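Novice: Using only what follows, build the 3D model:
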Amino acid sequence: MKNKITKAIFPVAGLGTRFLPATKSIPKEIMSLVDRPLIQYAIDEARAAGIKEFIFVTSRGKAALEDYFDHAPQLEAELKKKGKDDLLEEIKNTNMDSGAIAYIRQHKPLGLGHAVWCARRLIGNEPFAVILPDDIIAAEKPCLQQMVEAFAENPGNMVAAMEVPPERASAYGILDVKEDHGSLVSIKGMVEKPKTGEEPSNLAVIGRYLLTPQILKNLNLKQTGAGGEIQLTDAIAHEITENRPVYGYRFRGQRYDCGSKSGYLQATVSFALSRPELRDDLLGFLREVVNVEQAAQ
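Specialist: Okay, here's the model as predicted:
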């Protein structure tokens, strides 16, 4: 097994029901955050971390997602003709070279662990990354790049972690910490969506994983966990029982849950305010809205 991570799995088979009716016709992953689809942020983060092969686990109705990464000769020719070189470069950055991207179908929604398992033949005997596009992370150094650098010094399964309020722990996989070394924590257990008051810590797993190929062998057992689904956290927790290292990584950055309407809107405002050409107009508008709201009270 090599230590360099060059492959990433993007589980994108979900129906996006929380965003209906918009997701009736378009995959949630290509809904725009300002002017780029959610999936583009995930792809850019993966590229920054050295990922060369991109594996999408999809489902029926995701054709628009596949088309997004294809070349658009007519559009590119039109932009070139009109001298819109900046836009042309942006479009070219969305293209994927032949062979760099693969699509695997998950025919039944059997959980995140099952989605990862679906890509097993393309992973082989190599460590790999898993990126959940719903989790958008704003960071000076991209989150996955931080993790890859930590993985180089501490090989083993690694999950991105952040602190959450106790009352929200039941919505996450929660780490049971063995040793805390600041950015990196070694863990002795993982609990998927614990009952309120039973969480072993306030460190929650979020959508970035660096995993060894042994995880795929664990998933081969197809054991169901919380919600009757095949849970990725269960396959990772099994490694702990075998005395193989599992780490949590406290990343530096701000995470937005774009799988929820509230998180999606918060990310939209935050990312728009970070853009110099949008900031002043949007900030002025937000101040007006707040002033009107306060006056009404």
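Novice: Okay, helices next: where are they in the stretch 1-150 of the chain?
Specialist: Here the stretch 1-150 of the chain has its helices, by DSSP state H, counting those that start in this stretch, at 38-48, 63-68, 73-81, 85-94, 112-118, 120-123, 143-153.
Novice: Any chance of CSV for these, columns mean pLDDT and distance to residue 185?
Specialist: The C-beta positions use only the backbone N, C-alpha and C, and glycine is treated the same way. Below are those laid out as CSV (pLDDT from 0 to 100; distance: least, Cβ to Cβ, whole Å):
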stretch, mean pLDDT, distance to residue 185
helix 38-48, 93, 22
helix 63-68, 79, 34
helix 73-81, 81, 46
helix 85-94, 78, 35
helix 112-118, 90, 22
helix 120-123, 91, 26
helix 143-153, 94, 11
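Novice: for those helices, which one ends up most surrounded?
Specialist: The highest average neighbour count among the helices of the stretch 1-150 of the chain, using mean count of other Cβ atoms under 10 Å, belongs to helix 112-118 at a mean of 24.
Novice: Packing partners of it?
Specialist: Using 3 or more Cβ pairs under 8 Å, 6 or more residues apart in numbering; DSSP states H and E, the elements in contact with helix 112-118 are strand 7-11, strand 53-58, helix 214-219, helix 232-241.
Novice: hmm, 6 Å instead?
Specialist: On a contact count with 3 or more Cβ pairs under 6 Å, 6 or more residues apart in numbering; DSSP states H and E, helix 112-118 meets strand 7-11, helix 232-241.
Novice: who touches it?
Specialist: The contact list for helix 112-118, computed with Cβ atoms under 6 Å, 6 or more residues apart in numbering, reads 9, 11, 13, 57, 104, 106, 130, 219, 230-232, 235.
Novice: Show me the domain layout of the chain.
Specialist: Per automatic domain parsing, the structural domains of the chain span 7-259, 262-297.
Novice: so of those domains, which one's packed in deepest?
Specialist: Neighbour counts (mean count of other Cβ under 10 Å) averaged over each of those peak at domain 7-259, with a mean of 18.
Novice: Identify the residues contacting residue 188.
Specialist: Residues near residue 188 by Cβ under 6 Å, 6+ apart: 176, 178.
Novice: One more pass at 10 Å, please.
Specialist: Listed by Cβ atoms under 10 Å, 6 or more residues apart in numbering, the contact set of residue 188 reads 175-179, 200, 237, 240-241, 246.
Novice: out of these, which are inside strands?
Specialist: The strands, defined by DSSP state E, take in 175-179, 246 from the contacts of residue 188.
Novice: mind putting those in JSON lines, distance to residue 255 and pLDDT included?
Specialist: Below are the ones in strands among the contacts of residue 188 laid out as JSON lines (distance: Cβ to Cβ, whole Å; pLDDT from 0 to 100):
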{"residue": "175", "distance to residue 255": "15", "pLDDT": "90"}
{"residue": "176", "distance to residue 255": "21", "pLDDT": "87"}
{"residue": "177", "distance to residue 255": "19", "pLDDT": "86"}
{"residue": "178", "distance to residue 255": "24", "pLDDT": "88"}
{"residue": "179", "distance to residue 255": "24", "pLDDT": "84"}
{"residue": "246", "distance to residue 255": "20", "pLDDT": "92"}
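Novice: Next, format these as a markdown table and append distance to residue 43.
Specialist: Below are those laid out as a markdown table (distance: Cβ to Cβ, whole Å):
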| residue | distance to residue 43 |
| --- | --- |
| 175 | 27 |
| 176 | 33 |
| 177 | 32 |
| 178 | 34 |
| 179 | 34 |
| 246 | 27 |
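Novice: Can you tell me the SS state at residue 295?
Specialist: Remark: residue 295 carries the secondary structure label helix [criterion: DSSP: H, G, I helix; E, B strand; the rest coil].
Novice: mind listing what residue 23 touches?
Specialist: 14-17, 29-31, 61.
Novice: and the two most separated of those residues?
Specialist: The span of those, defined through Cβ to Cβ, is set by 17 and 30 at 16.2 Å.
Novice: all helices for the stretch 151-297 of the chain, in order.
Specialist: Under the criterion DSSP H, counting those that start in this stretch, the stretch 151-297 of the chain carries helices at the ranges 214-219, 232-241, 261-273, 276-296.
Novice: Among those, which comes closest to residue 163?
Specialist: Closest among the helices of the stretch 151-297 of the chain, using Cβ to Cβ: helix 261-273, at 16.6 Å.
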